[in-house]
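>>> coordinates only, sequence not included:
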């Protein structure tokens, strides 16, 4: 299957500048293509992954991806999708972010012995251009009328846009021209909000290299959930690729909790499963939705892709322990992940009677209620039911010397930190 056919089956194409020309080019040769990300933070989130998943598919189909980190454009700020100006970051912060994103993208794209991936930073060629060169050699090729008509600019005219952000599309166009001339890049891909920037780059290439220059643009559809809300956002905020910002367990759970109406779309877009595998899972969504096999497979594939096999297995262990109540099988680090959002209490390390301990922490409202719940078998500690009213709780019972997990009833968990 041609890569364009595969992308169409996966509903991964929004707009193309020349669909037939790109299809012919991808049939003819291994194409160099690029996708970029600006270092606005020290981690990507899953929304950033949307165009990069398409880049990865091109890589797997034998094409040659170039990953661009916007060390220069990140200092300016892309106005795309925004209603107000970005706050400018210091150059030191941007450099720190560049290093963090480079490490993340290397992990996702660079494999042992794979020399096809190229990673570039647009600061390397942009910082050499002085203001006179910028205005004469590049600015002269852009019509203000055309720039004002671009959605990314026109949507900001009422609220206001600085010359800094207004000039962003010139810098991104310069990137495409540089990569076309120096890296044989013939395709830029990006989110749907990048269409104006991509077409500006193509216009610049043709003005500089001639109208017959073979260069193309492709955008990815805006990803929305079935309820109409933006993909990748939760009540707790963005789902980050950095495990210190979003733990592998939380990452796994995000995908495992996908709505039945969205799961097949996500399997097509975010996984590298075959058409046959996805169609089989799609059928199970219809016939056996309660088993949630499609969601489990999606969570496994995405967690493995971003975090690797070891952290996937850790996320699955935490999930299984929470389902079965077998908390004692977890390590302290796994408990810290799995119970991050649970009600949390702090306890001293001195020994204390279980009844007094539960009341002093606030897990139980009174000694009478604590005794009643213990007697009725409603209290479990680290997965073991507590029935002895005389039990002494001490630091020796803490998992890893750090945590005790109390379960009240079937689902009410509390995390107790020993301090």
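Great, that's in hand. A quick note: this is a predicted structure, and the numbers were derived from the prediction, not measured.
>>> Low-confidence bits of the stretch 51-200 of the chain, can you list those?
In the prediction, the stretch 51-200 of the chain carries residues with pLDDT under 70 at positions 111-115.
>>> in which helix or strand would I find residue 253?
helix 248-256 (DSSP states H and E).
>>> Mind giving me the packing neighbours of that helix?
Contacts defined by 3 or more CB pairs under 8 Å, 6 or more residues apart in numbering; DSSP states H and E place helix 248-256 against helix 293-307, helix 309-324, helix 332-338. Bear in mind the C-beta positions are built from the backbone N, C-alpha and C, glycine included.
>>> which one of those lies closest to residue 106?
Closest to residue 106 of the helices and strands packed on helix 248-256 is helix 293-307 (CB to CB; 13.0 Å).
>>> For that closest one, which residues meet the burial criterion?
For helix 293-307, burial by neighbour count (16 or more other CB atoms under 10 Å) applies to 294-307.
>>> now swap in stretch 241-248 and tell me
241, 242, 243, 245, 246, 247, 248.
>>> Give me the contact list for it.
Contact with stretch 241-248 is made by 42-46, 48-49, 100, 104, 238-240, 251, 254, 303, 306-307, 311-312, 314-315, 337, 340, as judged by CB atoms under 8 Å, 6 or more residues apart in numbering.
>>> got it, and stretch 260-269?
Contact partners of stretch 260-269, identified using CB under 8 Å, 6+ apart, comprise 9-12, 50, 53, 223, 225-226, 255, 258, 273, 278, 281-282, 285, 289, 294-295, 297-298, 301.
>>> Can you select the buried ones among those residues for me in PyMOL?
Buried residues within those, by 16+ other CB under 10 Å, are selected in PyMOL with:
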select buried, resi 10+12+50+53+223+225+255+258+273+278+281+282+285+294+295+297+298+301
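>>> among the contacts of stretch 260-269, which are in helices?
When helices are assigned by DSSP state H, the members of the contacts of stretch 260-269 inside them are 9, 50, 53, 255, 278, 281-282, 285, 294-295, 297-298, 301.
>>> how about the residues you listed in a markdown table, adding distance to residue 209?
As requested, those are exported to a markdown table (distance: CB to CB, whole Å):
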| residue | distance to residue 209 |
| --- | --- |
| 9 | 33 |
| 50 | 29 |
| 53 | 30 |
| 255 | 43 |
| 278 | 40 |
| 281 | 45 |
| 282 | 44 |
| 285 | 48 |
| 294 | 46 |
| 295 | 48 |
| 297 | 45 |
| 298 | 42 |
| 301 | 40 |
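>>> Any idea which residue is closest to the centre of this protein?
With the centre of the chain defined as its mean C-alpha position, the nearest residue by CA atoms, centre = their mean is residue 46, 1.6 Å away.
>>> where does the stretch 301-419 of the chain have low pLDDT?
Flagging of the stretch 301-419 of the chain using pLDDT under 70 yields an empty set of residue ranges.
>>> For it, which segments are assigned as strands?
Counting by DSSP state E, counting those that start in this stretch, the stretch 301-419 of the chain forms strands over residues 344-347, 352-353, 379-381, 384-385, 392-393, 403-408, 412-418, given from the N-terminal end onward.
>>> can you tell me how far residue 316 sits from residue 249?
Per CB to CB, to the nearest Å, residue 316 is found 9 Å from residue 249.
>>> of the two, who's got more company?
Between residue 316 and residue 249, counting by other CB atoms under 10 Å, residue 249 is the more crowded of the two (24 against 18).
>>> Tell me the confidence at residue 222?
According to the prediction, residue 222 has pLDDT 89.
>>> repeat for the one 5 residues further on
Residue 227 is assigned 85 on the pLDDT scale.
>>> In contact with it, which residues are there?
Contacts for residue 227 were tallied using CB under 8 Å, 6+ apart; they are residue 259.
>>> List of residues touching stretch 173-186?
Stretch 173-186 has contacts (CB under 8 Å, 6+ apart) with 25, 31-34, 36, 66, 68, 70, 73, 118, 120, 122, 125-126, 129, 138, 142, 188, 197-198, 200-205, 208-209, 213-216.
>>> Name the single longest helix found in the chain.
With DSSP H applied, the helix covering the greatest number of residues in the chain is identified as helix 91-109.
>>> Need the residues that contact it.
37, 39-44, 52, 55-56, 59, 65, 67, 69, 71, 74-75, 89, 117, 119, 121, 123, 241-242, 305-306.
>>> now stretch 274-287
9, 260, 263, 264, 267, 268, 271, 273, 291, 293, 294, 297.
>>> could I get the residues you listed as a markdown table with distance to residue 85 and pLDDT?
Shown next, in a markdown table, are those (distance: CB to CB, whole Å; pLDDT from 0 to 100):
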| residue | distance to residue 85 | pLDDT |
| --- | --- | --- |
| 9 | 40 | 94 |
| 260 | 40 | 95 |
| 263 | 38 | 96 |
| 264 | 39 | 96 |
| 267 | 38 | 97 |
| 268 | 36 | 96 |
| 271 | 37 | 95 |
| 273 | 42 | 95 |
| 291 | 48 | 93 |
| 293 | 46 | 96 |
| 294 | 42 | 97 |
| 297 | 42 | 97 |
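>>> so what's residue 154 up against?
For residue 154, the contacting residues are residue 148, taking CB under 8 Å, 6+ apart as the criterion.
>>> shouldn't residue 222 be in contact with residue 190?
No: using CB atoms under 8 Å, residue 222 is not in contact with residue 190, being 11.9 Å away.
>>> Who has more neighbours out of the two?
For residue 222 and residue 190, the more surrounded residue by other CB under 10 Å is residue 190, and the numbers stand at 23 against 13.
>>> which among the contacts of stretch 241-248 end up buried?
The neighbour-count criterion (16+ other CB under 10 Å) marks 42-46, 48-49, 100, 104, 238-240, 251, 254, 303, 306-307, 311-312, 314-315, 337 among these as buried.
>>> So which of the contacts of stretch 173-186 are in helices?
For these, secondary structure assignment (DSSP H) places 25, 73, 125-126, 197-198, 200-205, 208-209 in helices.
>>> And the residues you listed, which two are furthest apart?
25 and 126 (27.5 Å).
>>> Quick check: end-to-end length of stretch 149-163?
End-to-end distance of stretch 149-163: 15 Å, with CA to CA, to the nearest Å as the criterion.
>>> Who are the contact partners of residue 120?
With the criterion set at CB under 8 Å, 6+ apart, residue 120 makes contact with 66, 67, 68, 69, 179, 183.
>>> returning to what we had before: list just the one of the strands of the stretch 301-419 of the chain that sits closest to residue 362.
Closest to residue 362 of those, according to CB to CB: strand 344-347, at 6.5 Å.
>>> Give me the sheet partners of that closest one and which way each runs.
strand 412-418 (parallel) (DSSP bridges).
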